[in-house]
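J.: Provided below are the primary sequence and the corresponding predicted coordinates.
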Amino acid sequence: MTIPDLRQLTVLSVKDPAAAARAVLQWPISREALWTLLALVAVLNAILFSVSNLLVPGPSPLPGLFNMPLVYCAIVAAGLVLTVYALFWTGRFLGGRGTLEAVLRVVLWLQVLRLLVQVAALVLVVTIPLLSALLVFAASIYGIYMLLHFIKQAHDLTSLGRSAGVVVGAMLAILLGLTLLISMFGGQIVGSSAYV
């Protein structure tokens, strides 16, 4: 078994997300390689974020953190790992039969697609800003639909409704985790940024 043509898989992901998810789940890639690729995605995210900040600078909620590429990369990487585990455990709790590796595969591919959209949006923002905004909006909406199909396939769920339950449950779990982290360390971050 070989990895399918990535361009064809990208088109298939838009036309038939469920079929694309099934193809991704058949990738002959080890778990270690998948985690390495996820780390690479985090690095590419940080690079794109830095480039977009240079081209189109804008306000940042925590400038002391988000203006440092390495810190931003670490935040993205931690967020991706948290997302994978949240989707895995929530799916299993709600009756899914997917493995951690299956969830990792679909999250990884969705992040690759997200990177492609970011690159396209970055090109458009310096040429046709309105089209860039429309692309990001459309990709965000359709991305939710794709996510539901990918999670449904990864966990072998019976309906998109169950998949939506997994996504909402994972989001709540992540929100709870972030709230706890902010309550423990938020004061230190805000306090230190005041002296920068």
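T.: Now that the structure is in, tell me what you want to look at.
J.: sec struct for Gly95, please.
T.: Three-state assignment for Gly95 (DSSP: H, G, I helix; E, B strand; the rest coil): coil.
J.: Would you list the phi and psi of it?
T.: phi 100, psi 10 (degrees, to the nearest 10).
J.: quick one: pLDDT of it?
T.: Taken from the predicted model, the pLDDT recorded for Gly95 is 90.
J.: how close does it sit to Phe88?
T.: Using C-beta to C-beta, to the nearest Å, one obtains 13 Å as the distance from Gly95 to Phe88. Where you see a C-beta, it was placed from the backbone N, CA and C, and this is true even at glycine.
J.: more neighbours, these two?
T.: Phe88 (23 against 13; other C-beta atoms under 10 Å).
J.: The more buried one: what's it in contact with?
T.: Contact partners of Phe88, counting by C-beta atoms under 8 Å, 6 or more residues apart in numbering, are Gly98, Thr99, Leu100, Val103.
J.: Secondary structure element for it, which one?
T.: Assigned by DSSP states H and E, Phe88 falls within helix 69-93.
J.: That helix: which residues count as buried?
T.: Buried positions in helix 69-93, judged by neighbour count with 16 or more other C-beta atoms under 10 Å: 72-73, 75-77, 80-92.
J.: which stretches of this structure have low pLDDT?
T.: 1-4, 56-67, 185-196 (pLDDT under 70).
J.: now with 90?
T.: 1-7, 27-29, 31, 45-76, 78-79, 122-130, 132-133, 173-196 (pLDDT under 90).
J.: so where do the helices sit in it?
T.: 6-15, 17-25, 31-55, 63-66, 69-93, 100-125, 129-155, 160-193 (DSSP state H).
J.: if I read this right, Ala18 contacts Asp156, doesn't it?
T.: No. Using C-beta atoms under 8 Å as the test, Ala18 is too far from Asp156 to be in contact (11.8 Å).
J.: quick one: which of those two has more around it?
T.: Ala18 (16 against 13).
J.: For the residue nearest to Ser52 when sequence neighbours are not counted, which residues are in contact?
T.: Spatial nearest neighbour of Ser52, chain neighbours left out: Leu122 (5.5 Å); criterion: C-beta to C-beta, 6 or more residues apart in numbering. Taking C-beta under 8 Å, 6+ apart as the criterion, Leu122 is in contact with Leu48, Val51, Ser52, Leu55, Ser132.
J.: Please report how far the second one lies from Ile141.
T.: Looking back up the chat, that one is Val51. In terms of C-beta to C-beta, Val51 sits 25 Å off from Ile141.
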